[in-house]
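J.: build me a model:
(one chain, ligands or ions: 1)
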Amino acid sequence: MARNSRNRIVLLLNSTYEVLGRIEMNRAILLLWAGKAYPFEVLSEDWLHGPPDADGKRFSMQIPVSIILKNYAHVDYADIAPMDDVMAGRMAILHRDGFVCSYCLAPASTIDHVYPQSKGGGNLWTNLVAACTDCNSLKADMTLEEFERKHGKKLLRQPFVPDSNKYAREQATIWDKISSGSVDIPEQLE
Ligand SMILES: [Zn+2]
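T.: So this is what the prediction gives:
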């Protein structure tokens with residue numbers, strides 16, 4: 001396994017094959033392991049091995065390049081607020097973060113100001129993350145330092161400014177691959 005495999009970024013696809021965003025390998029593995037997603041494309045020569053279990057067996061899987069959600073994640077594009085390259089709307093943030101909480105990896109439906117709005121944190125791509133309702137209400141107007149000290153929770157990924165052209169290119173690439181039959185499309189997704 002390549003040394004940096006665990007740091008790779010994996011493309012997350014909706015069950016309808018639309019690109020939802022890019023997520024870290026660790027989160028992709030969690031989604032696969034939890035049965036919430038299937039590998040879509042893998043690097044056939046590159047394997048990831050878990051630690052041996054009680055019987056000495058190791059969990060092994062091919063490194064995913066992209067994974068596809070088993071269940072459709074609803075994306076209401078009409079909700080995306082008009083924005084320039086720094087202002088972000090709620091749905092755009094959820095979309096960027098793949099509808100996964102940035103503090104605990106549970107499904108997310110709300111957004112959180114990393115640096116609290118009450119303390120001057122802005123509505124910026126780099127200050128907003130997807131959060132589940134539990135983490136969001138726990139964190140309230142705490143800073144990251146306070147949140148970690150009081151609840152042991154950390155920001156598991158850094159928010160970033162998405163490159164929308166990159167999404168469009170990724171989407172075009174996915175459709176190309178599907179239409180040319182060059183990827184294995186997972187069996188019936190529910
Ligand atoms: Zn959470």
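J.: could you use CA atoms for every contact and neighbour count after this?
T.: OK.
J.: who in the chain is up against the ion?
T.: Residues of the chain lying close to the ion by Cα under 5 Å from the ion are Cys101, Tyr103, Cys104, Cys132, Cys135.
J.: one more time with 6 Å, if that's ok
T.: Residues of the chain found near the ion (Cα under 6 Å from the ion) are Cys101, Tyr103, Cys104, Ala106, Ala131, Cys132, Asp134, Cys135.
J.: among these, which are located in strands?
T.: Of the positions in the residues of the chain next to the ion, Ala131 sit in strands, assigned by DSSP state E.
J.: contacts for the top strand by length along the chain, please.
T.: Ranked by residue count, the top strand of the chain under DSSP E comes out as strand 37-52. Residues outside strand 37-52 that contact it (Cα atoms under 8 Å, 6 or more residues apart in numbering) are 1-2, 5, 31-32, 58-71, 183-186.
J.: just checking, next helix/strand downstream of it?
T.: Downstream of strand 37-52, the first helix or strand assigned by DSSP states H and E is strand 58-69.
J.: can you pull out the helices in the protein?
T.: Under the criterion DSSP state H, the chain contains helices at 25-33, 90-96, 133-139, 144-151, 164-180.
J.: would you single out the least confident of those helices?
T.: Among the helices of the chain, helix 164-180 carries the lowest mean pLDDT, at a mean of 78.
J.: just the CA trace of it, in CSV.
T.: The C-alpha atoms that make up helix 164-180 are tabulated as CSV, following Å, rounded to 0.1, in the frame of the first residue of the first chain:
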residue,chain,number,x,y,z
SER,A,164,-17.1,24.5,-9.0
ASN,A,165,-15.4,23.9,-12.4
LYS,A,166,-13.7,21.0,-10.9
TYR,A,167,-17.0,19.5,-9.8
ALA,A,168,-18.3,20.0,-13.4
ARG,A,169,-15.2,18.3,-14.8
GLU,A,170,-15.5,15.4,-12.3
GLN,A,171,-19.1,14.9,-13.2
ALA,A,172,-18.4,14.9,-16.9
THR,A,173,-15.6,12.3,-16.3
ILE,A,174,-18.0,10.1,-14.3
TRP,A,175,-20.6,10.1,-17.0
ASP,A,176,-18.0,9.4,-19.6
LYS,A,177,-16.8,6.4,-17.7
ILE,A,178,-20.3,5.1,-17.2
SER,A,179,-21.2,5.5,-20.9
SER,A,180,-18.0,3.8,-22.0
